[in-house]
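Structural data only, the sequence is not supplied:
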């Protein structure tokens, strides 16, 4: 089994030089270092009580000011799952693998409960501005991340599905999400039928700063990262090649620049306002 | 050592009944179930290479579309740390413990790099709307959560500090954060000098839904939770008692309703727009 150090070196490049730790630490760190998304699953469903246990573990993660502004919806009704994921699998930009996801969870931000508490305690809610939305969104991300780690510890595979925000109104209607509750991300969960894909990451010289943000060497680091990925984890297809042509060299930055050269979820803000948030 | 089941039962109430798993799983799950924030640390600093290793592990967590829109700033210059945390420790609502935080990290959303990639690859950036900000914020939350778990596996104690967003302009100036980079949360890290505080959580009947969002029994569940906390983890002081008086019974919902009866970070949206985001 490769060491945590070698796994990190493989993922981040050459700047994670550090010693191994004790045995128990190593098991968690090893798991984190080895982790990656899984998009191919065995067809059998994970038992409900396992999912609920993992939800509980995920909700042990920190939450802003103890406000607990995040919920999880376990979608185990097959036709409901198909209604949510089907549209995201179709079309030229569709993700085909979503059709066969055995278990689906939806992580939601929930600022509605907080407002209810104000009604119950007869106190004014004085925070109807961006922070209310922001805190709930970040809380949901924190819980999702902890769920991922808990599930992977159990030998399960997972893959977050941000595409559920492509159709936030439809998803909210299907899950009967009321005002001030919104989907942040879906999570595909199941018994893996493939090795996790350990995506390479930008080097820490770019993403970890010391005392001040720095962009020294950024462009060069991106070029080197593009090359490193192209050598070890080449993209199997070029995105939107009809529009942008076939590039001779196709790395991460080209793929990401092509992705965001098209508008994605331009109506998400409108949805968020529609369900009652002010984003002032 | 208490079992994961008993720890979860203690935290969530009575609805997490589920079997124990194998040994290695147990170690991660045990850790998650036992976790809690630490606000009292030994004075010695955690070595830089340990912090960097934990950053690397945290950045193995999922990131929306592989975009990697989150950065971590390690603040190890003592006067800089004092400039950031000092103001948050002062005043009637100040958090005194922040004065003695031995290590400070700032988790940031970063949509700037994505825009740079578009310039480098000469592609238009077609996503100047809420989702750009949202994705980077959630990515930062995901990385923070994974850092917490990696650090706690190492025997370290942590506590997120959302209060750094009280003064986003000052923090950004001190850390020289450029446009489209914003602080999401600070994280206090250190060798713990107290047991982690395992905050009780709302029962899963409230926060985990099945196929559809449900509020059945919500008010009663909140009352029962208030009581459960008041019995086992009573608040040591009542928030804003000069304004709201001393309540006979003081639970979670009263504390949270009092907290958000005052405006917090009402200018956060203005800051976010000021650094270049459109929140349409």
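Yep, it's here. As the structure is a prediction and not an experimental result, all values here were calculated from the model.

in chain A, what spans have low per-residue confidence?
Scanning chain A for pLDDT under 70 picks out the ranges A:1-2, A:4-5, A:7-26.

list the contacts for residue A:202?
A:12, A:221, A:222, A:225, B:68 (C-beta atoms under 8 Å, 6 or more residues apart in numbering or on different chains). Placement of C-beta: from N, CA and C, glycine included.

May I ask which of those has the most neighbours?
residue A:12 (25 neighbours; other C-beta atoms under 10 Å in any protein chain shown).

And the helices in the stretch 151-280 of chain A?
Using DSSP state H, counting those that start in this stretch, the helices found in the stretch 151-280 of chain A span residues A:168-174, A:204-207, A:218-232, A:241-244, A:252-259, A:268-274.

and the third one with helix A:252-259, angle?
Computed with axes from the mean of the first three to the mean of the last three C-alpha atoms, to 10 degrees, the direction of helix A:218-232 lies at 100 degrees from that of helix A:252-259.

what about the residue lying closest to residue A:194 once chain neighbours are set aside, neighbour count?
Distance criterion C-beta to C-beta, 6 or more residues apart in numbering or on different chains; nearest residue to residue A:194, sequence neighbours excluded, is residue A:40 at 4.2 Å. When counting by other C-beta under 10 Å, one arrives at 14 neighbours for residue A:40.

Can you give the domain ranges for chain A?
Chain A resolves into domains spanning A:4-197, A:200-280 when parsed by automatic domain parsing.

show me the biggest strand of chain A in terms of residues.
strand A:181-190 (DSSP state E).

show me the contacts for residue A:124.
So residue A:124 contacts A:118, B:261 (C-beta under 8 Å, 6+ apart).

follow-up on the earlier one: farthest pair in the contacts of residue A:202?
Between any two of the contacts of residue A:202, the greatest separation by C-beta to C-beta is 14.1 Å, found for A:12 and A:222.

Can you tell me which of the domains of chain A is most buried?
domain A:4-197 (a mean of 20; mean count of other C-beta atoms under 10 Å in any protein chain shown).

the helices in the stretch 1-150 of chain A, which residues?
Under the criterion DSSP H, counting those that start in this stretch, the stretch 1-150 of chain A contains helices at A:4-12, A:23-34, A:48-58, A:78-89, A:112-121, A:130-153.

Grab the most central residue of chain A for me.
The centroid of chain A falls nearest to residue A:160 when counting by C-alpha atoms, centre = their mean (4.2 Å).

Make sure that residue is actually in contact with residue A:189.
No: using C-beta atoms under 8 Å, residue A:160 is not in contact with residue A:189; the gap is 10.4 Å.

TSV for the contacts of residue A:202, including distance to residue B:237?
Below are those laid out as TSV (distance: C-beta to C-beta, whole Å):
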residue	distance to residue B:237
A:12	44
A:221	49
A:222	50
A:225	50
B:68	42
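
Please report how far the nearest residue to residue A:108 once chain neighbours are set aside lies from residue B:255.
Distances taken as C-beta to C-beta, 6+ apart place residue A:71 nearest to residue A:108, at 4.8 Å, with adjacent residues excluded. As judged by C-beta to C-beta, to the nearest Å, residue A:71 and residue B:255 stand 20 Å apart.

returning to that earlier point: of all the domains of chain A, which lies closest to residue B:77?
Nearest to residue B:77, of all the domains of chain A, is domain A:200-280, at 4.8 Å by C-beta to C-beta.

how near is the nearest residue to residue A:157 once chain neighbours are set aside to chain B?
Of all residues not flanking residue A:157 in the chain, residue A:38 sits nearest, at 2.8 Å (C-beta to C-beta, 6+ apart). According to C-beta to the nearest C-beta, to the nearest Å, residue A:38 and chain B sit 11 Å apart.

and stretch A:249-267 with chain B, contact?
Yes: Stretch A:249-267 is in contact with chain B by C-beta under 8 Å from any C-beta of the partner chain, via A:252-254, A:256-266.

follow-up on the earlier one: can you lay out the helices of the stretch 151-280 of chain A as TSV showing distance to residue A:46?
Supplementary listing: these in TSV, determined by distance: least, C-beta to C-beta, whole Å:
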stretch	distance to residue A:46
helix A:168-174	21
helix A:204-207	32
helix A:218-232	31
helix A:241-244	37
helix A:252-259	31
helix A:268-274	30
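
Of all those, which one comes closest to residue B:125?
helix A:252-259 (8.2 Å).
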